[in-house]
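> Compute the structure for the input listed below.
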Amino acid sequence: YHGWEYNSEGTCTKIPQLPDDRAIPLKAKAIKYTCRAEHGFVWINFENNNPEFPSYPEFTDSSYRNVLWGPQEVNANPPRIVENFLDVGHLSFIHEGFLGVPEYPEIGEYDVHTEGNRIFSDEIAIFQPDPDGTGIAKNVYYTYEIVQPLSVRFTKRDPETNNKMTIMLIILPVTEGKSVAYGIMSVNYETGTTDQEMIDFQDMIFAQDKPIVENQKPEDLPLDLQVELSLKCDRMSIAYRKYLKILGVRLGTE
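Have a look, this model is predicted:
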């Protein structure tokens with residue numbers, strides 16, 4: 001705005017308005033944040049506390065094709081968007097004809113496991129009408145994982161071919177009640193579709209979720225498990241709420 005210049009450490013090195021014999025005030029410094037480019041995105045750490053960086057090994061695995069998705073604006077708080085992603089019970093209804101069918105709504109027993117910082121589910125069988133583009137309906141298996149409070153992922157595996165598709169969802173908070181969703185889609189098989197076609201399909205699926213998420217009440221995600229009724233198929237959502245409570249996350253929770 002005024003032509004001030006800074007170095008990479010945030011130190012002001014030039015103020016054109018000052019005479020050459022005047023020292024630059026120490027207060028004229030920029031706030032420096034830790035930043036790195038990874039997985040196709042730029043990640044900024046506003047706390048400068050060097051947390052463990054979210055792992056996504058598929059991005060550097062040569063056997064996978066990676067497609068970036070987003071941004072998608074959502075008028076909802078981040079935890080509600082994340083929990084929708086982790087919710088396996090809605091696939092047969094909100095995504096009927098694509099990710100499930102109402103005739104096969106039942107979700108089998110599964111457990112959630114914790115290993116170090118990893119929180120992940122067993123493989124969950126889900127009947128889909130056309131899971132791989134061949135037009136053949138069959139069961140595929142989903143594994144969900146909590147990566148960070150606002151980063152989660154799932155892997156869909158075809159037991160007949162061992163073809164895998166992984167999606168990592170990343171939510172950026174903007175303001176109270178407004179977020180932006182991004183994602184990485186990774187496949188280890190030939191889909192027969194272009195990158196843009198994969199993005200368009202994901203846009204369509206997300207458009208089905210969006211009005212549901214934007215109209216959930218309360219807007220903040222209750223961390224008290226007694227506030228809302230949960231079923232056994234909601235174990236991943238329950239694990240997410242417990243995880244947020246342990247971490248003391250207040251953004252978008254109650």
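
> so which strand or helix has F85?
F85 belongs to helix 78-86 when assigned by DSSP states H and E.

> downstream neighbour of that helix in the secondary structure list?
Toward the C-terminus, helix 78-86 is succeeded by helix 91-94 as the next helix or strand (DSSP H and E).

> Does anything pack onto that next one? Which helices or strands?
In terms of contacts (3 or more CB pairs under 8 Å, 6 or more residues apart in numbering; DSSP states H and E), helix 91-94 is packed against helix 195-214. C-betas here are computed from N, CA, C, even on glycine.

> Identify each buried residue in the helix it packs on, please.
Applying a neighbour-count criterion of 16 or more other CB atoms under 10 Å, the buried positions in helix 195-214 are 198-199, 202, 205-206, 209-210, 213.

> Equivalent analysis for stretch 149-167, please.
Neighbour-count burial for stretch 149-167 [16+ other CB under 10 Å]: 149-158, 163-167.

> Kindly report the same for stretch 105-115.
The neighbour-count criterion (16+ other CB under 10 Å) identifies 107, 110, 112 as the buried residues of stretch 105-115.

> Pick the one among the buried residues of stretch 149-167 closest to I119.
Looking at the buried residues of stretch 149-167 and their distance to I119, the nearest is V152, at 9.4 Å (CB to CB).

> I'd like the mean pLDDT over the host helix or strand of the closest one, please.
Secondary structure from DSSP H and E places V152 in strand 151-157. What strand 151-157 shows for mean pLDDT is 97.

> and the angle from it to helix 78-86?
Interaxial angle, strand 151-157 versus helix 78-86 (axes from the mean of the first three to the mean of the last three CA atoms, to 10 degrees): 10 degrees.
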